[in-house]
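Colleague: the following block contains a protein sequence and its predicted model.
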Amino acid sequence: MEKRFVPNQKRLRRFQDHELVSHYHLRPFYPPETFVILEELMVDEPRVVLDLGCGTGNVARPLAASAAVERIDAVDVSLAMLERARELPGGDAPTIRWIHGRAEDVALTPPYALVTAGMCLHWMDWGQVLPRLAHMLTPRGLLAILNLQQSMPWRQAYQQIRRRFADGRPAPGLNLVAAMAQRGLFRLLGERQTAPLPMQQTVEDYIAAQYAYSSLAGLDSEQRADFEQEMRTLLTPFARDGLLSFEVVATITWGRPCDAAG
């Protein structure tokens with residue numbers, strides 16, 4: 001029997017929490033090259049983008065700065081995320097329509113030359129979302145799936161700490177693209193990675209950024225104190241002049257969603 005990831009609804013509801021949202025800006029951002037690649041993937045008219053699970057607009061706000069984009073419909077189920085997105089730089093761009101609702105059934109205005117989805121597809125019902133997108137894309141329109149990876153020397157020890165404190169079992173190491181293709185819901189057409197982008201962050205900001213992930217946002221005060229102490233012990237030897245240095249790389253995978261499972 002095919003194994004499917006069923007979202008942890010308790011963790012999903014945390015994206016409505018203002019405390020999680022308040023830490024969201026501390027998460028690493030997409031390298032600028034990401035948006036060059038996305039622009040190149042738009043070959044149809046109208047040059048309208050649908051950004052699913054937009055969060056605080058880490059894709060929508062930079063992409064809206066491009067003269068090549070006519071409009072972006074940015075959708076998220078969390079009203080708190082959308083409220084924060086409007087407040088951030090570029091969030092008031094006239095080309096962005098912030099839309100509150102679920103990707104499965106929210107009212108939209110197609111056609112779209114490009115649909116983007118960051119690290120959010122595992123929260124959605126593919127059997128509803130992907131066939132819906134197949135009917136909303138222009139003839140050469142594409143679904144671009146974005147993934148952001150961090151390269152840091154403390155990764156292994158960090159993962160051990162995270163496993164001890166994360167709420168419940170972590171999401172499976174699921175290759176979303178392969179799983180969607182196996183179900184006949186996605187046809188892979190291409191993939192690119194950005195060059196590594198060097199980043200720096202203080203130890204305290206790096207620790208605070210962990211509360212912007214749903215698996216760690218639910219820690220109580222005692223758990224937080226223990227988590228932060230372990231993280232400081234781990235990270236302090238890696239800091240230089242109070243700053244941690246690491247790299248981020250974005251992977252952009254694109255293809256066509258299919259209107260029915262095979």
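Modeller: Structure's in. What do you need? Residues are numbered from 1 along each chain as shown.

Colleague: pretty sure residue 124 sits against residue 104.
Modeller: Yes. Contact criterion Cβ atoms under 8 Å: residue 124 and residue 104 qualify, at 6.7 Å. Placement of C-beta: from N, CA and C, glycine included.

Colleague: the two: which is more packed in?
Modeller: Shown here are residue 124 and residue 104; by other Cβ atoms under 10 Å, residue 124 has more neighbours (18 against 13).

Colleague: run through the residues that contact that one.
Modeller: 52-53, 102-104 (Cβ atoms under 8 Å, 6 or more residues apart in numbering).

Colleague: then residue 143?
Modeller: 114-117, 130, 133, 137, 186, 254-257.

Colleague: ok, of the contacts of residue 124, which come out buried?
Modeller: 52-53, 102-103 (16 or more other Cβ atoms under 10 Å).

Colleague: what about the longest helix in this structure?
Modeller: helix 221-235 (DSSP state H).

Colleague: and that one, what does it pack against?
Modeller: In terms of contacts (3 or more Cβ pairs under 8 Å, 6 or more residues apart in numbering; DSSP states H and E), helix 221-235 is packed against helix 155-165, helix 203-209.

Colleague: helix or strand next in line after that helix, which one?
Modeller: Using DSSP states H and E, the helix or strand that follows helix 221-235 in sequence is strand 243-257.

Colleague: distance from that following strand to the middle of the chain?
Modeller: 10 Å (Cα atoms, centre = their mean, to the nearest Å).

Colleague: ditto for stretch 75-84
Modeller: 13 Å.

Colleague: contacts for it?
Modeller: Counting by Cβ under 8 Å, 6+ apart, 15-18, 21-22, 24, 50-56, 74, 85, 98-103, 106, 108 sit against stretch 75-84.

Colleague: from these, keep the buried residues only.
Modeller: 15, 21, 24, 50-56, 74, 85, 98-99, 102-103, 108.

Colleague: filter these down to the ones in helices?
Modeller: Here DSSP H is the test, and the buried ones among the contacts of stretch 75-84 give 21, 85 as lying in helices.

Colleague: confirm that residue 141 sits in a strand.
Modeller: Yes. Applying DSSP: H, G, I helix; E, B strand; the rest coil, one finds residue 141 inside a strand.

Colleague: ok, it touching residue 115?
Modeller: Yes. The pair residue 141 and residue 115 qualifies as a contact (Cβ under 8 Å) at a distance of 7.2 Å.

Colleague: before we move on, the earlier item: so can I have JSON lines of the buried ones among the contacts of residue 124 showing pLDDT and distance to residue 215?
Modeller: As requested, the buried ones among the contacts of residue 124 are exported to JSON lines (pLDDT from 0 to 100; distance: Cβ to Cβ, whole Å):
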{"residue": "52", "pLDDT": "97", "distance to residue 215": "21"}
{"residue": "53", "pLDDT": "93", "distance to residue 215": "16"}
{"residue": "102", "pLDDT": "93", "distance to residue 215": "21"}
{"residue": "103", "pLDDT": "94", "distance to residue 215": "21"}
